[in-house]
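Here is the input, now give the coordinates:
(chains A and B)
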Amino acid sequence: MYAYDELDRTLLHERVEEFRDQVKRRLSGELTEDEFKILRLQNGVYLQLHAYMFRVAIPYGTLSSKQLRALAHVARRYDRGYGHFTTRQNIQFNWIKLAELPDALADLAEVGIHAMQTSGNNMRNVTSDQWAGVAPGEVEDPRIWSELLRQHTTLHPEFSFLPRKFKIAITASEHDRAAIRIHDIGLRLHKNADGETGFEVLVGGGLGRTPFIGKSIKPFVHGRDILSYVEAILRVYNQYGRRDNIYKARIKILVHELGIEKFGKEVEEEWQQLRDSALTLDDAAIEEVRSRFSYPAYEKLPHMPDELKQAAHDPLFERWRKNSVFPHKVQGYSIVTLSLKPVGGPPGDATAEQMDAIADLADRYSFGEIRVGHEQNLALPHVAKRDLPALWKALDKVGLATPNVNLVSDIIACPGLDYCSLANARSIPIAQELTRRFANHDTAGLIGRLHINISGCINACGHHHVGHIGILGVEKNGEEFYQITIGGRADESAALGTLIGPSVPYAEVADVVEDIVEAYLALRDSPDELFIDTVKRLGVEPFRERVYATR
Amino acid sequence: MPLVKNGKIATDIYVHVADGAELPADDAILVPAARFLEDPEALLRRPGKVGVVWPNNRDLDDLVPYLDRLAAVALVFPSFRDGRAYSQARLLRERYRFQGELRATGQVLRDQFVFMLRAGFDALDVKKEKDADAFAETVKRYTVFYQPTGDGRTTALSRRTQLRHSESASP
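Okay, the predicted model is just below:
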């Protein structure tokens, strides 16, 4: 966990007071809605279909139990008793009142949580691997660098009014859980031949109307230079990114129009001017941030405790363990994913009671720490294996032990037309119907790893392009239709999905997905071949034939 | 539109000369970039001070050769949400060491003041009277800054390392 110091806390309180003044000026009419809009967006406040929506940042997906309780408090006190975890390590509250927002922010500031730059055309929440610091084989903890970047990007005097939003993600593992290739800047931490820490820098990834996979702009930027290098990219973007058309304003379009070589050359020229400056991080500065991260005092525990051996006789426990429990870098410990995808429920939602319960369980079993992943699930990152049976029972009681992590019903979905003013179609009811169709966990287990991503419009908040099966809501003559793609992925082999056929009406989406899954089961060469690998081997055509033969 | 200069409401000494308008004899003038570049030497020979209004979509390269003879550069915020001039301001101050008046014009509102000062502006054409009146209290809002810029404010990171250094040095 990163512990805020006096300076971080002071800045947060200063920001809350500034926002309180801005809300006051809006309510008195001194600010027009147009002027206020940009200010509220800088603080994560959107105007949605029914009410203001409030998006709170969970930098690099790390939460303390105290912070999670504060989020539960906000859900209960200012909202309707629940929150929605997003694909970018944020949580959203959908029913908040403008006049109460400054108080909600002040309550969150007490525990070091903020909503700065969770929307608007600025540098957004810096995200990272939800298993950072605990994943076996990780090069080093990427959160040190995430925090350095979080600070550097917060209220940046040059880059708070960019052409469009700007998202940075960092991973330090071979397997990319942070989806860095679909970010404006993706940073892959690795070491050079001298054993020094640095980053491969990817730029220009993003989804939305014109999706691109990020391109490598530099194979190794030394850690001490990462702020100046990011600053150089931002400066080129701020000056040359398009501002004439909101749909062409992301950096991916600039990179695409200039080409990565020319863009890279511009950045390199700028960087040569910037690199030897106050932006260079010396060891003391890096150490200073590193020292504010605390790590649990792990015990020396057996690999296979008796509690686990005994519980292995319970098939329900075993099913959950095999699905939701993952290896930890320390012997005797596990990482446990908490599915926020119950059968029939909206993906990523948690009630205030669940949040409080998770906070209690984190205190008891996970050194008070919780993680948030871009798949809209939570994780307890340091659970002793001997505690797994007890934890499972406790999670099951509050509906958080659905054994569907990474399976067909572990769906990523945006809020869609139920909440969002941009949406063309509903997402949540599609997800709910699919979880009911695939409610049988044995069947889901047989199908194996399969990611379904749903967006209610072209803005792609549900990352449909990179779902193994992607579902995109569109509007046709006033009715909801859905385009379906297959073969997308967001990991280290990131790829955009391919359209499988004509769009289908709302009522047929679940049938089509079932048909795609049927086709996969018939086409895979063995039960070990994952859906995504079958699509890669055979292409879209055999799926198209089977799914559309009778349509 | 009140001018706030070096933290105080000030009288604008510059005559804003439009394209094609007649030049005043000796007064300080603020001229559009295109007019300035037509014949910069002629303008710079005048006895009065010369400032240039530089658009935010034009490279600074054409301006740089004249910087040490210009008394002012005004950068433009055509809308609140267009932040290109922040980069231009930092480049003028930090890379090209421009020492004259650096003025923000256009949609200049209270909520940008701190960003603008940090980027190197020392004169603001503030759009609303009320915002200009609130200048002093607005710029006191923040005492912690994460980024190093040319304004010389100490960053949080260097305050921390200094603190750490002094702690370890004490007995």
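
Find the helix or strand that the residue of chain A found nearest chain B is a member of.
Going by C-beta to the nearest C-beta, chain B is nearest to A:F161 of chain A, at 2.7 Å. Where C-beta positions appear, they are placed from N, C-alpha and C, glycine not excepted. Using DSSP states H and E, A:F161 sits within no helix or strand.

Provide the backbone phi and psi angles at A:E375.
phi -80, psi 10 (degrees, to the nearest 10).

residues touching the nearest residue to A:L422 once chain neighbours are set aside, list them.
Spatial nearest neighbour of A:L422, excluding adjacent residues (C-beta to C-beta, 6 or more residues apart in numbering or on different chains): A:C457 at 5.5 Å. When contacts are counted by C-beta atoms under 8 Å, 6 or more residues apart in numbering or on different chains, A:C457 touches A:416, A:420, A:422-425, A:472-474.

Then B:L117?
Contact analysis of B:L117 by C-beta under 8 Å, 6+ apart lists B:139, B:151.

try A:K329
A:134-138.

List only those of those flagged as buried.
Buried by 16 or more other C-beta atoms under 10 Å in any protein chain shown: A:134-135, A:138, out of the contacts of A:K329.

before we move on, the earlier item: mind putting the contacts of A:C457 into TSV with neighbour count and secondary structure?
Listed next are those as TSV, based on neighbours: other C-beta atoms under 10 Å in any protein chain shown; DSSP: H, G, I helix; E, B strand; the rest coil:
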residue	neighbour count	secondary structure
A:G416	26	helix
A:C420	21	coil
A:L422	16	coil
A:A423	24	coil
A:N424	20	coil
A:A425	24	coil
A:L472	26	strand
A:G473	27	strand
A:V474	16	strand
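
returning to that earlier point: dump the contacts of A:K329 into CSV; add distance to A:Q239, secondary structure and pLDDT as well.
Formatted as CSV, those follow (distance: C-beta to C-beta, whole Å; DSSP: H, G, I helix; E, B strand; the rest coil; pLDDT from 0 to 100):
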residue, distance to A:Q239, secondary structure, pLDDT
A:V134, 40, coil, 98
A:A135, 38, coil, 98
A:P136, 43, coil, 97
A:G137, 40, coil, 96
A:E138, 36, coil, 98
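
Contacting chain B as well, which ones from those residues?
Applying C-beta under 8 Å from any C-beta of the partner chain to these, one finds that nothing falls near chain B.

so the residue of chain A closest to chain B makes contact with B:G83?
Yes: contact criterion C-beta atoms under 8 Å: A:F161 and B:G83 qualify, at 2.7 Å.

before we move on, the earlier item: which one among the buried ones among the contacts of A:K329 gets closest to A:K309?
A:K309 lies nearest to A:V134 out of the buried ones among the contacts of A:K329, by C-beta to C-beta, at 23.6 Å.

if I pick the residue nearest to that closest one when sequence neighbours are not counted, what's in contact with it?
Of all residues not flanking A:V134 in the chain, A:P381 sits nearest, at 4.7 Å (C-beta to C-beta, 6+ apart). By C-beta under 8 Å, 6+ apart, the contact list for A:P381 reads A:131, A:133-134, A:328, A:335, A:366, A:369-371.

And A:P381, which helix or strand is it part of?
Using DSSP H and E, A:P381 maps to strand A:378-384.

Check A:E545 too.
Per DSSP H and E: A:E545 is located in helix A:541-548.

Can you dump the C-alpha atoms of that helix in CSV for me?
The C-alpha trace of helix A:541-548 is given here as CSV (Å, rounded to 0.1, in the frame of the first residue of the first chain):
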residue,chain,number,x,y,z
GLU,A,541,-15.3,-18.2,-41.5
PRO,A,542,-16.3,-21.6,-39.9
PHE,A,543,-18.0,-19.7,-37.1
ARG,A,544,-19.8,-17.5,-39.5
GLU,A,545,-21.1,-20.5,-41.4
ARG,A,546,-22.4,-22.3,-38.4
VAL,A,547,-23.9,-19.3,-36.7
TYR,A,548,-25.6,-17.7,-39.7
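
now it, how far from the centre of its chain.
On the basis of C-alpha atoms, centre = their mean, to the nearest Å, helix A:541-548 sits 32 Å off its chain's mean C-alpha point.

Run through who's touching that helix.
Contacts for helix A:541-548 (C-beta under 8 Å, 6+ apart): A:486, A:500-502, A:512, A:515-516, A:518-520, A:522-523, A:535.

Show me those that map onto helices.
Among those, DSSP state H puts A:512, A:515-516, A:518-520, A:522-523, A:535 in helices.

show me where chain B has helices.
B:33-38, B:40-45, B:84-90, B:113-119, B:129-133, B:135-138, B:156-169.

For those helices, give me CSV that also has distance to A:C461 and mean pLDDT.
Converted to CSV, the helices of chain B look like this (distance: least, C-beta to C-beta, whole Å; pLDDT from 0 to 100):
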stretch, distance to A:C461, mean pLDDT
helix B:33-38, 41, 96
helix B:40-45, 50, 95
helix B:84-90, 28, 98
helix B:113-119, 28, 98
helix B:129-133, 35, 95
helix B:135-138, 35, 96
helix B:156-169, 32, 80
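
Find the one among those helices with the highest mean neighbour count.
Comparing these by mean neighbour count (mean count of other C-beta atoms under 10 Å in any protein chain shown), helix B:84-90 comes out on top with a mean of 26.

anything in that one near chain A?
Yes: counting by C-beta under 8 Å from any C-beta, chain A has neighbours in helix B:84-90: B:84, B:86-88, B:90.

what stretches of the stretch 401-550 of chain A score poorly on pLDDT?
Counting by pLDDT under 70, the stretch 401-550 of chain A shows no low-confidence range.

cutoff 90 now
For the stretch 401-550 of chain A, the stretches flagged by pLDDT under 90 are A:419-421, A:549-550.

For it, which segments count as helices?
Per DSSP state H, counting those that start in this stretch, the stretch 401-550 of chain A carries helices over the ranges A:428-437, A:441-447, A:509-523, A:531-538, A:541-548.

give me the residue from chain B nearest chain A.
Nearest residue of chain B to chain A: B:G83, at 2.7 Å (C-beta to the nearest C-beta).

Let me see the confidence value for that residue.
Predicted confidence (pLDDT) for B:G83: 98.

Also B:A18?
So B:A18 comes in at 88 (pLDDT).

And for the one 3 residues further on?
Predicted confidence (pLDDT) for B:A21: 88.

hmm, back to that, how about the helix holding A:E545: buried residues?
A:542-544, A:546-547.

Just want the angle from it to helix A:509-523.
Put simply, helix A:541-548 runs at 130 degrees to helix A:509-523, going by axes from the mean of the first three to the mean of the last three C-alpha atoms, to 10 degrees.

now the angle between helix A:531-538 and helix A:541-548, please.
Using the same axes, to 10 degrees: helix A:541-548 against helix A:531-538 is 110 degrees.

OK, contacts around the residue of chain A closest to chain B?
So A:F161 contacts A:121-122, B:80-83, B:86 (C-beta under 8 Å, 6+ apart).
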